[in-house]
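*Asks:* What follows is a predicted protein model with its sequence.
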Amino acid sequence: MAMLLVAGLVAGCGKAGGPETAREEGSLRSRTDTVRGRLWVLGLDDVRVYDVASGRLIRQITLPNWSVARFVCQPDLALDRSGAATVSSNVQARLWRIDAGSFEVKEREIVLQGRERWDTGFGALAFSANGTLFGVTVSAGSLWRIDPDKGSASLLDATTAYANTCELASRLVNDFERRYKP
């Protein structure tokens, strides 16, 4: 069954060398790491990693302190160049990083700097070409540059409402990266 599920998901993905988007019934988000041949599926209760070629479930990962709210935008999952996954909460400013090799999970609370309003968790995540992580908050739809190592995020754009942007396109992220260099 898993092989059919994975085959169905991958058939809808592009052939580019980076992470692609796919959907699985009952999943919140799915991403395909075409470089490593893995499909990452974020569900309500866990993250599942499949081998694309065989359809075999490689790992099922539970996220500590995980919670999901049924907002306009679901939590997101983004893959970095190393193949590691970063998972957001759409309830609070919190990220989980899952190592691609060991599948070790590290949880990190993110302090939102530059806004004292009602921003909560992130409903869209994307890595730029240079590895910078960007996110759009669910409640206010504002754009942030996230530094998971420092546990902080800097407000980049509060003038444009990204509330309906539940996914960040690579082109948009690269444009913002050029515009908002550190």
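*Replies:* Received it, and whenever you're ready, just let me know what you need.

*Asks:* now the helices: where do they sit in the chain?
*Replies:* Here the chain has its helices, by DSSP state H, at 2-11, 170-179.

*Asks:* Of those helices, which shows the lowest average pLDDT?
*Replies:* Among the helices of the chain, helix 2-11 carries the lowest mean pLDDT, at a mean of 29.

*Asks:* Tell me the confidence at the closest residue to residue 101 other than its chain neighbours?
*Replies:* Among residues not flanking residue 101 along the chain, residue 83 sits closest, at 8.0 Å (CB to CB, 6 or more residues apart in numbering). Every C-beta, even on glycine, is put in place using the N, C-alpha and C of the backbone. Looking at residue 83, its pLDDT is 96.

*Asks:* Surely residue 146 and residue 94 touch.
*Replies:* No - taking CB atoms under 8 Å as the definition, residue 146 is not a contact partner of residue 94, at 11.1 Å.

*Asks:* intersection of neighbour lists for these two?
*Replies:* residue 110 (CB atoms under 8 Å, 6 or more residues apart in numbering).

*Asks:* Distance of the closest residue to residue 69 other than its chain neighbours relative to residue 34?
*Replies:* With sequence-adjacent residues excluded and distances taken as CB to CB, 6+ apart, residue 69 is closest to residue 91, at 4.9 Å. According to CB to CB, to the nearest Å, residue 91 stands 31 Å off from residue 34.

*Asks:* quick one, which of these two is more surrounded?
*Replies:* Counted by other CB atoms under 10 Å, residue 91 and residue 34 do not tie: residue 34 has more neighbours, with 19 against 16.

*Asks:* phi, psi of that one?
*Replies:* For residue 34, the backbone dihedrals are phi -70, psi -30 (criterion: degrees, to the nearest 10).

*Asks:* Next, find the distance separating it from residue 52.
*Replies:* 8 Å.

*Asks:* quick one, what contacts the residue nearest to residue 69?
*Replies:* Each residue near residue 91 by CB under 8 Å, 6+ apart is listed here: 67, 68, 69, 120, 121.

*Asks:* Please pick the buried ones from those.
*Replies:* Of the members of the contacts of residue 91, the ones counted as buried by neighbours, 16 or more other CB atoms under 10 Å, are 68, 120, 121.

*Asks:* Tell me the one of the residues you listed nearest residue 30?
*Replies:* Using CB to CB, residue 68 comes nearest to residue 30 of the buried ones among the contacts of residue 91, at 15.1 Å.
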